[in-house]
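Trainee: structure here, sequence nowhere to be found:
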C-alpha cells in the first residue's frame, strides 16, 4: 500500500459484493482493507490504528451486526480514532437509519440505489 493513498476498511459479509467494492475503490485510487464480518473488522481496525481513513459498513452480518460495530467504534474513539463511518446496506427502515445516525454514522447509503461511480463520489466527499 502506498503511504499517500487514503485507506478504506470495507466490512461486508457478501464475498461477491465486497470484492466488487474493493475493486471499484482501488480503481478510484484508494487502498483497502477487507473484513467479512464485524469481529474481523474490529480486529483489522485494532491492528491498523491510525491507518484507516474511512469505514464502509454493512449492517446485516453474522456474529456482530453493523450497528454494534458502529457503536463499538464510536464508544472507543480514543482507540480507533474519529473517522467517517459510511453505512452501506439495503436496510431502508426509518428506525434503523435514525439509529445509525444517532450512533454516529457519517452517511447512510442504500446498496440497491448506488453504482460504483456513486460509491467513489460519496467516499471522496469525506476523503477528498
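Mentor: Now that the structure is in, tell me what you want to look at. Worth saying up front: this structure is predicted, and the values here are computed from it rather than measured.
Trainee: contacts, neighbours, all on C-alpha from now
Mentor: Will do.
Trainee: now the protein, which segments are flagged as low pLDDT?
Mentor: Across the chain, residues meeting the criterion (pLDDT under 70) sit at 1-3.
Trainee: switch to 90 and redo it
Mentor: Under the criterion pLDDT under 90, the flagged ranges of the chain are 1-4, 62-63, 128.
Trainee: so how far is residue 8 from the spatially most central residue of the chain?
Mentor: Against the mean C-alpha coordinate of the chain, by Cα atoms, centre = their mean, the closest residue is residue 56 at 1.4 Å. Distance, residue 56 to residue 8, by Cα to Cα, to the nearest Å: 7 Å.
Trainee: same thing with residue 94?
Mentor: Applying Cα to Cα, the value for residue 94 to residue 8 is 27 Å.
Trainee: looking at the two now, which is surrounded by more residues?
Mentor: Set side by side, residue 94 and residue 8 give different neighbour counts by other Cα atoms under 10 Å, the larger being at residue 8 (24 against 9).
Trainee: need the three-state assignment for the more buried one.
Mentor: Secondary structure of residue 8, reduced to three states by DSSP: H, G, I helix; E, B strand; the rest coil: strand.
Trainee: so who does it touch?
Mentor: Under the criterion of Cα atoms under 8 Å, 6 or more residues apart in numbering, the contact list for residue 8 reads 30, 31, 32, 33, 52, 53, 54, 55, 56.
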